[in-house]
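Participant: Prediction below, plus the sequence it came from.
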Protein chains: 2
Amino acid sequence: MQFINKTAPIGIFDSGIGGLTVAKRIISMLPNENIVYFGDTARVPYGSKSNSTVIEYAIQDAQFLINKNVKLIIVACNTASSVALDSLKRKYNIPIIGMIEPGASLAVKKSKNKRVGVIGTNSTINNKAYSEQIKTLDAEISIIEKACPLFVPIAEEGWLNHEATRLIAIEYLQEFIDAEIDTLILGCTHYPLLAETIQNIMGEKVTLIDSGYAASLQVENYLEGRGVRNDSHQVGTHQFYVSDLPNKFKTIAERFLGSKVNHIEKIDVEILIKN
Amino acid sequence: MQFINKTAPIGIFDSGIGGLTVAKRIISMLPNENIVYFGDTARVPYGSKSNSTVIEYAIQDAQFLINKNVKLIIVACNTASSVALDSLKRKYNIPIIGMIEPGASLAVKKSKNKRVGVIGTNSTINNKAYSEQIKTLDAEISIIEKACPLFVPIAEEGWLNHEATRLIAIEYLQEFIDAEIDTLILGCTHYPLLAETIQNIMGEKVTLIDSGYAASLQVENYLEGRGVRNDSHQVGTHQFYVSDLPNKFKTIAERFLGSKVNHIEKIDVEILIKN
């Protein structure tokens, strides 16, 4: 492992805006860290693309962040984490933290009745990303997985408390209730936006696992353990890059983060491909 | 206009699978024509991308079809039609038929009370594609436009008769009922799949305009008028190309078209870019 510069930024990438729920966790947990966020808004969503396409895009996204001299990369996209994390770790020599292992570990720790549910995009669920990870941690846990493809567009439409959202959530979640799970992994970075509706349907006894939160804890532990936290007393800078529609991203990011986005820049996809 | 080979195929492109509702119309209206369909499934959806990105992609898609020696191109995607049709017509010397003008013309013809509604993706609606076209045809018509971004994912999820779909449709359509429109343009090629739900909410007196159907009529008229219909007595061949996930596309296409898809091939995005 190479020398790590404490003041170097943390890199975060996602297929679009969902990773902002992870960025928000990092900003609140590690306020002095500098952050470079890349949202691949020209090629969103990744969840409906083939594995080989997602790996190719994830490598381009990571390379962009590495060119910005980040000290660590968070793959704030469950699809890219489930499909591309191994390829990224083989290719690059800096710490790379995805969503799957942190979310799975926290779920295993929290579940008492050993019945865990996972919801995510088609790609994350079809790849059995969480279930395979959970099995390696505790083979006795029974797992139910289900893709919920309408949750992302409904979260992006902002219908967080609409009756249609409740009906969609009931349709998706009924089988988890029937199976009496006690822990549900929100396996997509958009889903924390719907946490209130999901919690109401699942009931108070079910623990929701926000994988972005679990990953942020691991980032904090890693930086602490290696002694490479940014020990500046100033609040960190936060730079955002997208591959399309920077103004739309800025509006949404300011709503998600609850603070002003000062640096937002558009990067052409061609530049990502050529890097 | 160059010489047109009667037996050359009709080219159809879309950002993904929505254009299959148009292909289905063409196949049923013109069964002897050969068809080459390109679905840009690696870069779907176009509706949330910037105009410059959509123009770039549409040119690559059209070039792919031109390399297949098509005699005419149907832009079976409302977003690409609204954003890129002029650029395509300037660049290429073959007939190119989009969704907007055919749909707008048919709506103007059908409306009696001169109150027309338009629903579509964010991009089609923000570009005011239909309203500007309608204004040039009949300046007295009053137009209401609304983006319905949840209709595409709900149609792709196949929840055509779900109560949540009805509630989402009511939320989107109530203002059209209040405005007493008598004609509603389905300004996205996915929306005909939801026509029954939309018709039930709007009531029988409102005419739904399927732009793909309107465009198919124009294609038939054009080929007839120029004497370049394929006069073979054999049923035409139908070739499908996609930029990602050919197997998934094949399954959906066979469901949409109600017939076997024999030729399906994946084309790398890099090849589109280099063409």
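Facilitator: Sure thing, it's come through. Numbering: from 1, shown residues only, chains lettered A, B, ... in the order given.
Participant: before we move on, what SS does A:Pro153 have?
Facilitator: helix (DSSP: H, G, I helix; E, B strand; the rest coil).
Participant: actually A:Val70, not the one I wrote
Facilitator: Three-state call for A:Val70 (three-state DSSP): coil.
Participant: which one is the one residue sitting closest to the centre of chain A nearest to, not counting chain neighbours?
Facilitator: Closest residue to the average C-alpha location of chain A: A:Ala76 at 3.1 Å, with Cα atoms, centre = their mean. Excluding its sequence neighbours, the residue lying closest to A:Ala76 (Cβ to Cβ, 6 or more residues apart in numbering or on different chains) is A:Gly19, at 3.1 Å. Yep, even glycine has a C-beta here, placed from its N, CA and C like the rest.
Participant: thought that neighbour was touching A:Arg25?
Facilitator: No: if you go by Cβ atoms under 8 Å, A:Gly19 and A:Arg25 don't touch, sitting 10.4 Å apart.
Participant: overlap in contacts of the two?
Facilitator: A:Gly212 (Cβ atoms under 8 Å, 6 or more residues apart in numbering or on different chains).
Participant: neighbour count winner among the two?
Facilitator: Just comparing A:Gly19 and A:Arg25: by other Cβ atoms under 10 Å in any protein chain shown the higher neighbour count belongs to A:Gly19, 27 against 22.
Participant: so where is chain A shaky, pLDDT-wise?
Facilitator: Across chain A, the ranges flagged by pLDDT under 70 are A:1-2.
Participant: Write out the residues of the stretch 151-275 of chain A neighbouring chain B.
Facilitator: For the stretch 151-275 of chain A, the contact set with chain B under Cβ under 8 Å from any Cβ of the partner chain comprises A:152-154, A:156-157, A:159, A:162-164, A:167-168, A:171, A:244-245, A:270, A:273.
Participant: which among those residues end up buried?
Facilitator: By neighbour count, with 16 or more other Cβ atoms under 10 Å in any protein chain shown, those hold A:152-154, A:156-157, A:159, A:162, A:164, A:167-168, A:171, A:244-245 as buried.
Participant: now those in TSV, with secondary structure?
Facilitator: Output for these, formatted as TSV (three-state DSSP):
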residue	secondary structure
A:Val152	helix
A:Pro153	helix
A:Ile154	helix
A:Glu156	helix
A:Glu157	helix
A:Trp159	coil
A:His162	coil
A:Ala164	helix
A:Leu167	helix
A:Ile168	helix
A:Glu171	helix
A:Asp244	coil
A:Leu245	coil
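Participant: What is the nearest of the residues you listed to B:Thr124?
Facilitator: For these, the closest approach to B:Thr124 (Cβ to Cβ) belongs to A:Leu245, at 15.4 Å.
Participant: That closest one contacts B:Ser50, doesn't it?
Facilitator: Yes: assessed by Cβ under 8 Å, A:Leu245 is found in contact with B:Ser50 at 5.3 Å.
Participant: which residues sit in contact with the nearest residue to A:Pro45 once chain neighbours are set aside?
Facilitator: Nearest non-adjacent residue to A:Pro45, counting by Cβ to Cβ, 6+ apart: A:Ser15, 5.6 Å away. A:Ser15 is in contact with A:39-40, A:43-47, A:57, A:77, A:79-80, counting by Cβ under 8 Å, 6+ apart.
Participant: ranges for the helices of the stretch 51-200 of chain A?
Facilitator: Along the stretch 51-200 of chain A, counting by DSSP state H, counting those that start in this stretch, helices occupy A:51-67, A:78-91, A:100-110, A:122-126, A:129-137, A:151-157, A:163-178, A:195-202.
Participant: Neighbour-wise, give me the winner out of the contacts of A:Ser15.
Facilitator: Neighbour max across the contacts of A:Ser15 (other Cβ under 10 Å) = A:Cys77, 34 neighbours.
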